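A.B. asks: Okay, structure incoming, though there's no sequence with it:
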């Protein structure tokens, strides 16, 4: 009997092992087929230096990941508004907020110093991802210089829930400009006061709030701010009524590797959501710009737009015309009329631009 029992147990173990192996093979086949069906590798971050992709800085995680850690947010009443809050505060009646932290987020060799600044507005400044604040130092701010009393506009770099997920804070992505409001913000200490107007602006709001939509984000420098806000909402926040299941393609152009902003965050999303996120960085160094990378992928970008994707351009205005020209050439080569396509994109809110 003992021998018979052992044989039966051995057969069961062998059968179980075969089932496990078959399951692994099927999963591997599934991931490979999903990746190969797309016009690009969704499992890597591409870096471009002087026009060449740098293979030493490519993140490649060939595995299926269902998602990363998300954090609960509050108050959920911020989900109830049907339209974004607009111009709650003006320059004659601003809201006073308190600086919580100022952190440098660029390396030593960056062309410009850039900082991530978090402030507490006490839940009195509700906003949507992509909206703009007017910012100026409060009269009691201990540091002023040059034209620092003038109102300057910054797009929020955080979601409506803020970096602490509690609806009390908002964040700014600020590059140093000596003698301006940005210098005052950067030299502020925790506890210092700032005054804010807004929120305002609609260009960088999502063109479609359907969680299954496709979005193409194109930024230069601190133009990345609204996209960080959207990506946190998509991939970082646990919102019972909003579960993003669409696709995002982020292009970011900066001068060199030390100038890349929020790289760790975005690479984490890439690892956690490889089927929902793609991330391309143009390290320009005067040779290759973000618009060149978009044009390089013009066929794929145009295909996505024709299928209903939304494209957003944020940052330096010099990128707009080359991107339009590249898409125009691609459309013409495929027997399509770009002028008609662009008109349709704009009328459908699929073409969204906020540049300076």
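C.D. replies: Structure received. All values reported here derive from a predicted model rather than from experimental measurement.
A.B. asks: Now do the contacts for residue 162.
C.D. replies: 118, 168-171 (C-beta atoms under 8 Å, 6 or more residues apart in numbering). In short, each C-beta sits where N, CA and C put it, glycine included.
A.B. asks: And the furthest pair within the residues you listed?
C.D. replies: Farthest apart among the contacts of residue 162 by C-beta to C-beta are 168 and 171. That separation is 11.8 Å.
A.B. asks: So between those two, which is more surrounded?
C.D. replies: Neighbours of residue 168 and residue 171, each counted by other C-beta atoms under 10 Å, are more numerous for residue 171; the result is 24 against 20.
A.B. asks: Domains in the chain, by residue range?
C.D. replies: The chain breaks down by automatic domain parsing into domains covering 1-34, 35-73+204-355, 76-200.
A.B. asks: what's across from residue 197 in the sheet?
C.D. replies: Listed beta-bridge partners, residue 197: residue 134 (assigned using DSSP bridges).
A.B. asks: no no, residue 155
C.D. replies: residue 132.
A.B. asks: and the gap between it and residue 317?
C.D. replies: Separation of residue 155 from residue 317 (C-beta to C-beta, to the nearest Å) stands at 15 Å.
A.B. asks: what's the answer for residue 140, then?
C.D. replies: Using C-beta to C-beta, we find residue 140 at a distance of 36 Å from residue 317.
A.B. asks: between these two, which one's more packed in?
C.D. replies: Taking other C-beta under 10 Å, residue 140 and residue 317 do not tie; residue 317 has more neighbours (12 against 8).
A.B. asks: show me the contacts for the more buried one.
C.D. replies: 355-356.
A.B. asks: For it, grab phi and psi.
C.D. replies: The phi and psi values for residue 317, taken as degrees, to the nearest 10, are phi -70, psi -20.
A.B. asks: thinking again about what came up before, as a markdown table, the domains of the chain with mean pLDDT would be great.
C.D. replies: As requested, the domains of the chain are exported to a markdown table (pLDDT from 0 to 100):
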| stretch | mean pLDDT |
| --- | --- |
| domain 1-34 | 42 |
| domain 35-73+204-355 | 87 |
| domain 76-200 | 92 |
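A.B. asks: Let me see the residues that make contact with the longest strand along the chain.
C.D. replies: Using DSSP state E, we find that the single longest strand of the chain is strand 95-104. Strand 95-104 is contacted from outside by 88-89, 113-122, 124-125, 138, 169-170, 185-197, using C-beta under 8 Å, 6+ apart.
A.B. asks: quick one: residue 128 and residue 204, what's the gap?
C.D. replies: 10 Å.
A.B. asks: the more surrounded of these two?
C.D. replies: A direct count of neighbours by other C-beta under 10 Å for residue 128 and residue 204 places residue 204 higher, at 27 against 24.
A.B. asks: count of residues packed around the nearest residue to the more buried one once chain neighbours are set aside?
C.D. replies: Among residues not flanking residue 204 along the chain, residue 130 sits closest, at 3.4 Å (C-beta to C-beta, 6 or more residues apart in numbering). Per other C-beta under 10 Å, the neighbour tally for residue 130 reads 25.
A.B. asks: I'd assumed residue 200 was in contact with residue 130.
C.D. replies: No - the criterion here is C-beta atoms under 8 Å, and residue 130 misses it with residue 200 at 10.8 Å.
A.B. asks: Would you mind confirming that residue 304 makes contact with residue 216?
C.D. replies: Yes - the pair formed by residue 304 and residue 216 meets the contact definition of C-beta under 8 Å, at 6.5 Å.
A.B. asks: Let's verify residue 268: helix, strand, or coil?
C.D. replies: Following DSSP: H, G, I helix; E, B strand; the rest coil, the label given to residue 268 is helix.
A.B. asks: how far away is it from residue 312?
C.D. replies: Applying C-beta to C-beta to residue 268 and residue 312 gives a distance of 21 Å.
A.B. asks: could you give the angle of the following helix or strand past the longest strand of the chain to strand 95-104?
C.D. replies: Next along the chain after strand 95-104, taking DSSP states H and E as the criterion, comes strand 114-120. Put simply, strand 114-120 runs at 140 degrees to strand 95-104, going by axes from the mean of the first three to the mean of the last three C-alpha atoms, to 10 degrees.
A.B. asks: Tell me the helices and strands packed up against strand 114-120.
C.D. replies: For strand 114-120, the elements it packs on are strand 95-104, strand 169-175, helix 181-186, judged by 3 or more C-beta pairs under 8 Å, 6 or more residues apart in numbering; DSSP states H and E.
A.B. asks: Tell me how far that strand lies from the chain's centre.
C.D. replies: 17 Å (C-alpha atoms, centre = their mean, to the nearest Å).
A.B. asks: who does that strand pair up with?
C.D. replies: strand 95-104 (antiparallel), strand 169-175 (antiparallel).
A.B. asks: Which stretch among those is buried most, on average?
C.D. replies: strand 169-175 (a mean of 24; mean count of other C-beta atoms under 10 Å).
A.B. asks: Residues in contact with that one: which ones?
C.D. replies: Strand 169-175 is contacted from outside by 97, 100, 105, 112-121, 125, 127, 133, 135, 154-158, 162-163, 182, 185-186, 221-222, 224-225, 228, 261, using C-beta under 8 Å, 6+ apart.
A.B. asks: Return the distance of it from the chain's centre.
C.D. replies: The answer for strand 169-175 is 14 Å, by C-alpha atoms, centre = their mean.
A.B. asks: Please apply the same query to stretch 109-118.
C.D. replies: Counting by C-alpha atoms, centre = their mean, stretch 109-118 comes out at 17 Å from the chain centroid.
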